[in-house]
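> Kindly return the folded structure for what I paste below:
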Amino acid sequence: MVSDRIEREIVIAATQDRVWAEVIEFAFGVGEAELAKHGVRKGSVFVADYRIHGKFPLRIEKIEPKHHLSYRWASAFPGIEPQANNSTLIELTLATEGHETRLRVVESGFASLDSSEETRRKAFEDNTAGWASEFEALRKRAELEGSVR
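Numbers count the residues shown, from 1 in each chain. All right, here's what the predicted structure looks like:
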């Protein structure tokens, strides 16, 4: 049986504003100003282009700038619009802790993907490894950018 949730958190030596900018860049591949031009809000579908993995439509479930972002994506099905049976829910939350920011992700829904056990397991394993590397890369960018200012 495939696990249903990935949970990870990291403390980043950067402001919440700076970490939010990196979260937006990570999730959508664009800056916050560009995101605003697209009118991204609950229910919006936005196509993120992850050069190595392909294009993925993301459906915004909730967005509270600088605090919370949740969206669905069909990571096991590149190019397919996310539906309840083919997607996982990603929830990213940010909280200030002194001069640092805690970033937390919960990705859930792997066990209910309408696919083979092997596909569900691969999606869970790939995304577990992906969050580890993406969080580390995000931390480095946020801390480097924060030290330049």
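> Which parts of this protein are helices?
Counting by DSSP state H, the chain has helices at residues 16-28, 32-37, 117-148.
> closest to residue 3 out of those?
helix 117-148 (5.9 Å; C-beta to C-beta). Heads up, the C-betas are built off the backbone N, CA and C, glycines and all.
> mean confidence score for the closest one?
Across helix 117-148, pLDDT averages out at 89.
> List the buried residues in that helix.
120, 122-124, 127, 131, 135, 138-139, 141-143, 146 (16 or more other C-beta atoms under 10 Å).
> Also stretch 72-80?
Those would be 72, 73, 74, 75, 76, 77, for stretch 72-80 by 16+ other C-beta under 10 Å.
> try stretch 5-15
For stretch 5-15, a neighbour-count test (16+ other C-beta under 10 Å) marks 6, 10, 12, 14, 15 as buried.
> try stretch 51-60
Neighbour-count burial for stretch 51-60, counted by 16+ other C-beta under 10 Å, picks out 56, 57, 58, 59, 60.
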